[in-house]
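**Student:** this one's structure only:
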C-alpha cells in the first residue's frame, strides 16, 4: 500500500515529464534529468515501480503456485530481476 501511495504522485510527475518532453532532443532530456530534484524523483519512481511490481508478483506466486520448489524458484527470480532492473535504471539516471 505504501508503494501505491508513493506511486500516485510520482506517476503524475513522470507522465507530466514525458508529455512535456515529447520532441525534445537527447541533450535537453539529459539536462532535465541531470537536475537534482528530477534525478531524485526519477530514482524514487524507479525504486517504487520495481518494488511494487515485486510485491504484486510475490503475492500472485504465493497464492497460485502450490509446488514449494517452483514457488521458491519463482520468488527468487522475481526478486533478482526486480533488483537488477531497478539497479540498471538507477545507474542510468546517475550516469
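**Tutor:** Looks like it came in fine. In this text the structure is predicted, and so the values were computed from the model without any measurement. Residues are numbered from 1 along each chain as shown.
**Student:** Surely residue 39 is in contact with residue 90?
**Tutor:** No. Counting by C-beta atoms under 8 Å, residue 39 stays clear of residue 90, with 9.7 Å between them. Every C-beta, even on glycine, is put in place using the N, C-alpha and C of the backbone.
**Student:** Helices along this structure, start to end?
**Tutor:** Ranges of helices in the chain, per DSSP state H, are 2-20, 26-34, 36-64, 68-94.
**Student:** Return the most buried member of these.
**Tutor:** Comparing the helices of the chain by mean neighbour count (mean count of other C-beta atoms under 10 Å), helix 36-64 ranks first with a mean of 15.
**Student:** Just give me how far that one sits from the chain centre.
**Tutor:** 5 Å (C-alpha atoms, centre = their mean, to the nearest Å).
**Student:** which other helices and strands contact it?
**Tutor:** helix 2-20, helix 26-34, helix 68-94 (3 or more C-beta pairs under 8 Å, 6 or more residues apart in numbering; DSSP states H and E).
**Student:** The shortest one - what's its average pLDDT?
**Tutor:** Read it as helix 26-34. Averaged across helix 26-34, the pLDDT comes to 95.
**Student:** ok now it, how far from the chain's centre?
**Tutor:** 20 Å.
**Student:** Check stretch 5-25 too.
**Tutor:** Distance of stretch 5-25 from the chain centroid (C-alpha atoms, centre = their mean) equals 13 Å.
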